[in-house]
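**Student:** Attaching a predicted model along with its sequence, questions to come.
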Amino acid sequence: MRFGNIAAPLRRHGRLLAVCGLSVLLHAAVIAWLDTRMSAPLPLIGNAPLAVRLAGVAPAAPPAPAPPATPAAAPATATPDLPAPAPLQADAPAAIPLQAAAAQPSPAPAGGGVAAVEMPSRYRVAVPPSASLRYEVRGGAGSAGEATLNWETDGVGYRLAVDGILGDIESEGATDDAGIAPRQARYRQGAGSAGIAFDRERGAIVLESLGRSVQDATGSQDGATLLMQLVGIGLADPDQMQDTVDLYVGRPDGAAVERFQVLGRERITTPLGAMETLHLARAGKAALEVWLAPGQGWLPVQLRATAPDGSVRTQVIKQIVRQPAP
């Protein structure tokens, strides 16, 4: 009886323990299932997930230590030796004193619209006395007409008219410390004409036919006065006529430095007889050659123009009339 009484409670407790163990196992299974479901990634709706990558940034290098300051040496300046002016003949016009200076960039004037240019060298210039020149023009087939150059000056102002292989140009102006200083020039082209004006105060050359301006420069010339400026340079000091001569020239379509190469002495034949000359040439699309005669006051006694199409025209002196001094 005692063992029977004890076995009955044990059986009851065994069933209870079995039920509790089964409950524990069921709870563990449920917890494991829930853990699996919660750890899975949730599906996204809409756009794909963005991938972000962080790039390593190299640390900035520390600034290099500044070198110790050392006193800068003052640049040495060399003063060029200027050639002494050549002695002038008693009847030669007085030269305008000028100090030869190296070319320096010219600043654009106030107001804008004008580009800076490199100024050519300046020369000593003597104003040529008044003279009228007549030429015969020779083309590829022989004589092709006549050309003229009329230069009038009182030493202060001037008037110049050329009609020949350079075109039909009228110019008027004055003189300054750089030689001939045009105020305005008119280029006749067929039935019309184109004018330019030299605005010295504003430092501009006004191209009237284009309605705009370009930079002016000291000693600037037009297409006619460039001849007489070359004459004045030779009159003032023949030693300046070496290597090249640069002139800043304004024309209806713009302005530029025109370089004349000094080719040397040359004896030419003219209707006035043989003459010793200095031969200069300007290269370019419209090439120009000039023969200046020192024995004739450095006047241009022969000119030759080569057009872009290769045609050549030459004008040769046949008469020189010198006007009396005012």
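**Tutor:** Alright, I've got the coordinates.
**Student:** pLDDT averaged over the top strand by length along the chain, what's the number?
**Tutor:** The residue-count maximum for a strand in the chain (DSSP state E) belongs to strand 254-270. When pLDDT is averaged over strand 254-270, the result is 96.
**Student:** What is the subsequent helix or strand relative to it?
**Tutor:** strand 273-282 (DSSP states H and E).
**Student:** Can you give the contact residues for the longest strand of the chain?
**Tutor:** By C-beta atoms under 8 Å, 6 or more residues apart in numbering, the surrounding residues in contact with strand 254-270 are 117-118, 120, 205, 207, 214-217, 220, 226, 230, 241-249, 274-284, 290-291, 301-302, 316-318. All C-beta atoms are positioned from the backbone trio N, CA, C, and that covers glycine.
**Student:** And that strand, what's buried?
**Tutor:** 255, 257-260, 262, 270 (16 or more other C-beta atoms under 10 Å).
**Student:** now do stretch 158-173
**Tutor:** Buried-residue list, stretch 158-173, by 16+ other C-beta under 10 Å: 158, 160-166, 168-173.
**Student:** among those residues, which two are most distant?
**Tutor:** Farthest-apart pair in the buried residues of stretch 158-173 is I165 and G173; separation 22.7 Å (C-beta to C-beta).
**Student:** for G295, phi and psi?
**Tutor:** phi -70, psi -10 (degrees, to the nearest 10).
**Student:** what's the distance between the spatially closest residue to it that is not a sequence neighbour and W291?
**Tutor:** Sequence neighbours aside, E276 is the residue nearest to G295 in space, at 6.1 Å (criterion: C-beta to C-beta, 6 or more residues apart in numbering). Distance of E276 to W291, given as C-beta to C-beta, to the nearest Å: 10 Å.
**Student:** Comparing the two, which residue is more hemmed in?
**Tutor:** Between E276 and W291, W291 has the larger neighbour count (other C-beta atoms under 10 Å), namely 25 against 13.
**Student:** For that one, list each beta-bridge partner.
**Tutor:** Per DSSP bridges, residues listed as beta-bridge partners of W291: H279, Q302.
**Student:** Specify which member of the buried residues of strand 254-270 is nearest to R188.
**Tutor:** R188 lies nearest to A255 out of the buried residues of strand 254-270, by C-beta to C-beta, at 19.3 Å.
**Student:** any weak-confidence spans in the chain?
**Tutor:** Regions of the chain meeting the criterion pLDDT under 70 cover residues 1-121, 141-142, 325-326.
**Student:** Which members of the contacts of strand 254-270 are classed as buried?
**Tutor:** Buried subset of these (neighbour count, 16+ other C-beta under 10 Å): 117, 120, 205, 207, 214-217, 220, 226, 230, 241, 245-249, 275, 277-282, 290-291, 301-302, 316-317.
**Student:** where does P128 sit relative to T225, distance-wise?
**Tutor:** As for P128, its distance to T225 is 11 Å (criterion: C-beta to C-beta).
**Student:** that older thread, need the buried residues of stretch 158-173 in JSON lines (columns: secondary structure and distance to A194).
**Tutor:** As requested, the buried residues of stretch 158-173 are exported to JSON lines (DSSP: H, G, I helix; E, B strand; the rest coil; distance: C-beta to C-beta, whole Å):
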{"residue": "Y158", "secondary structure": "strand", "distance to A194": "21"}
{"residue": "L160", "secondary structure": "strand", "distance to A194": "17"}
{"residue": "A161", "secondary structure": "strand", "distance to A194": "16"}
{"residue": "V162", "secondary structure": "strand", "distance to A194": "15"}
{"residue": "D163", "secondary structure": "strand", "distance to A194": "16"}
{"residue": "G164", "secondary structure": "strand", "distance to A194": "18"}
{"residue": "I165", "secondary structure": "coil", "distance to A194": "18"}
{"residue": "L166", "secondary structure": "coil", "distance to A194": "14"}
{"residue": "D168", "secondary structure": "strand", "distance to A194": "11"}
{"residue": "I169", "secondary structure": "strand", "distance to A194": "10"}
{"residue": "E170", "secondary structure": "strand", "distance to A194": "12"}
{"residue": "S171", "secondary structure": "strand", "distance to A194": "13"}
{"residue": "E172", "secondary structure": "strand", "distance to A194": "16"}
{"residue": "G173", "secondary structure": "strand", "distance to A194": "17"}
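**Student:** sorry, back to before: can you lay out the buried residues of strand 254-270 as JSON lines showing distance to D237?
**Tutor:** Converted to JSON lines, the buried residues of strand 254-270 look like this (distance: C-beta to C-beta, whole Å):
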{"residue": "A255", "distance to D237": "26"}
{"residue": "V257", "distance to D237": "21"}
{"residue": "E258", "distance to D237": "20"}
{"residue": "R259", "distance to D237": "19"}
{"residue": "F260", "distance to D237": "16"}
{"residue": "V262", "distance to D237": "14"}
{"residue": "T270", "distance to D237": "26"}
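**Student:** Cool, thanks, talk later.
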